[in-house]
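K.L.:
sequence unknown, structure follows:
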């Protein structure tokens, strides 16, 4: 038996069925026109943001990392909830602007920005987080051609990393940002070239659950920003301190202690060095804001036995939930939180595996786990589907196509 | 230094540049309107099929597994080259029929077939490879409702597997097919119910390079088909023996010896048991037919150093080449064959990593390998991109969108 991950808070049962926003799973599927379906809860996103705001110092800005989920209604909700948007491509810029976000609150990081993307961003006043000296020069050239003043920040590859993070974005040789030692020279160069100096972006990792590691990293980030600002010799308008707040996916995972992080940040901000006293501080979160607010619903189309094991075959799969299938940069496959949505809260009474409809052994949503008995027609819920689900999965694989999405 | 995989045969240099079908990489990119670009060579697909036909016994049918690459011009070419199409969804059925294939030459396997998919297939006379007793009954119900005679085969989960295959599809508890012991009863049931009996589908694994393992498995498959036919008591019209022929992706991989496989099959077919003498035999290949005929071209947009390592940052990445990035069900990342397309055949003179444009450390196309020095504007080629590339990757990730595709 392999355990399931913990079901996030905020999900309830109505008449023995999983409900989101007061609507049962079956009703949601009917509203949306069928399965497979991603359901996102606006209420859970609001609640998450409210808890975060309550825990963090008042002056800390919270940006939304669009890559986690660019679904239009989520971007529209974030226009109200977040202080800014961090994007990673020209495509994301289009999406965020279509959702009505002020371009002056958008910043763009990403190691392979094309000239067209630089031009689009500069023309709209989007802040570019520069990833290299060469990119800085291309941005200056593009801005010159457009007759615009580019808003430029530098992404720093710090010498330290975020301990225990699922994805390390700092420490050692990396394709992201400039090694910290080279930052002051480039900053002085772009300031001298007439760019609007927007500050630093120091992103060290993501999906960390250990508040202690995040606290230590945030202190290191502030210290590094202070030292670099001293070396640059120009006030730092903005510091993107990165994100890194994880969510519990697997059995035994504990939620990150945002109270502890907020208290430590308040302490840090209470003793801010003189050189950073005019600086605006921001964190950049994607998964933490929306990951647990999404659930993926798929219908059981077959129930079968093979060599004594039970398989529940669904009409969904890794083409919508690549990470949940354990195939996206994962070494050891573990079960995400999942449930029989039409028997939500029922006691388990059998061991079964939930698989997708793709003709590949990779397509497994829950492996050999305890579930209430389910049959053809029952709905399966995979939780933690609000981030890196729909857009981070190969939806065209085996001719399947994208899932439906709704927000309630 | 980490070695690159072997560049497949058939690629040449023209004026120091990679050429496909007599066109240089730059010319191909211009034809297609830009990068990232998948280029598929019709000539290499034809050549591969011709070599295969020459090696295999004349009576062996060769089916194309559409999941490997459903690009329309490839499907159209396969209408001419292949004896049948194996599909895995209703979406693939639509694509194959749009490409003009005779539905009577199509068979449909996949563990999660929806009723609508069963109806579509039955209405067109497509053969269904049944995956369970419950699916068989749904298919019979659907056919009854339509007033059609369904063409039904049974997919077998054999007790043996294909040794050394990259993906095991048989042996032990599997969501695919029926455990072999249960096949005769279901076959008799569907024949008695008036279905047209189409035979057996025994797929044991894919991406095997060891001809010995394939030969052993094919002998086992024939033996099992013979035994099951005896138990069913009705002649076997068709046996899909599966595929499994791999292609070399990684340093040290050797091409599969199709001559040896063909010789062994000829020997087997020369002593075919009486019970199978009217049977049509087919193999089902996808990756082997098209994988090496495709190359992914992407442009270098940045060249940067970090802690002494060189990174070539491209405008492509894992959103088109998930498997090449080492993140699709891979435990240990190894380099696919890759090259600087605009310096094809040049001696290496530096160590560099080729990364994609996505803001994630997962996005790496070649890690710390020897390459001729390349700069911004140069094109990178990733080989073995003809199968499980474009459609098996999350093209919407980070707002990027799909790559261009052309066939030459």
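P.N.:
Sure thing, it's come through. Fair warning: this is a prediction, and the values are worked out from it, not measured in the lab. Numbers count the residues shown, from 1 in each chain, chains lettered A, B, ... in the order given.
K.L.:
Which secondary structure elements does the biggest strand by length in chain A sit against?
P.N.:
Longest strand in chain A by number of residues (criterion: DSSP state E): strand A:294-306. Judged by 3 or more CB pairs under 8 Å, 6 or more residues apart in numbering or on different chains; DSSP states H and E, strand A:294-306 is in contact with helix A:25-32, strand A:37-40, strand A:309-314, strand A:379-382, helix B:133-146, strand B:178-179. In this view, the C-beta of every residue, glycine as well, is placed from N, C-alpha and C.
K.L.:
So for it, what gets flagged as buried?
P.N.:
For strand A:294-306, a neighbour-count test (16 or more other CB atoms under 10 Å in any protein chain shown) marks A:294-304, A:306 as buried.
K.L.:
next one: stretch A:257-271
P.N.:
The neighbour-count check on stretch A:257-271 (16+ other CB under 10 Å) flags A:257-258, A:261-265, A:268-269 as buried.
K.L.:
by how many degrees do the longest strand of chain A and strand A:309-314 diverge?
P.N.:
Per axes from the mean of the first three to the mean of the last three CA atoms, to 10 degrees, the angle that strand A:294-306 makes with strand A:309-314 is 140 degrees.
K.L.:
and which of the buried residues of stretch A:257-271 is nearest chain B?
P.N.:
Chain B lies nearest to residue A:261 out of the buried residues of stretch A:257-271, by CB to the nearest CB, at 22.9 Å.
K.L.:
Please enumerate the helices of the stretch 201-350 of chain A.
P.N.:
For the stretch 201-350 of chain A, the helices defined by DSSP state H, counting those that start in this stretch cover A:211-232, A:258-270, A:287-290.
K.L.:
need the helices and strands packed on strand A:294-306 in JSON lines with mean neighbour count, can you?
P.N.:
Converted to JSON lines, the helices and strands packed on strand A:294-306 look like this (neighbours: other CB atoms under 10 Å in any protein chain shown):
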{"stretch": "helix A:25-32", "mean neighbour count": "19"}
{"stretch": "strand A:37-40", "mean neighbour count": "25"}
{"stretch": "strand A:309-314", "mean neighbour count": "24"}
{"stretch": "strand A:379-382", "mean neighbour count": "26"}
{"stretch": "helix B:133-146", "mean neighbour count": "18"}
{"stretch": "strand B:178-179", "mean neighbour count": "22"}
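K.L.:
Out of the ones you listed, the one nearest residue B:236 is which?
P.N.:
Residue B:236 sits nearest to strand B:178-179 of all the helices and strands packed on strand A:294-306, at 15.5 Å, using CB to CB.
K.L.:
tell me the mean pLDDT for that closest one?
P.N.:
If you average the pLDDT over strand B:178-179, you get 97.
K.L.:
In contact with the residue nearest to residue A:70 when sequence neighbours are not counted: list those residues for me.
P.N.:
Once flanking residues are discounted, residue A:70 sits nearest to residue A:95: 4.9 Å by CB to CB, 6 or more residues apart in numbering or on different chains. Residues in contact with residue A:95, defined by CB atoms under 8 Å, 6 or more residues apart in numbering or on different chains, are A:66, A:70, A:72, A:75, B:399.
K.L.:
what's the burial count for the third one?
P.N.:
The criterion is other CB atoms under 10 Å in any protein chain shown. On that basis, residue A:72 has 13 neighbouring residues.
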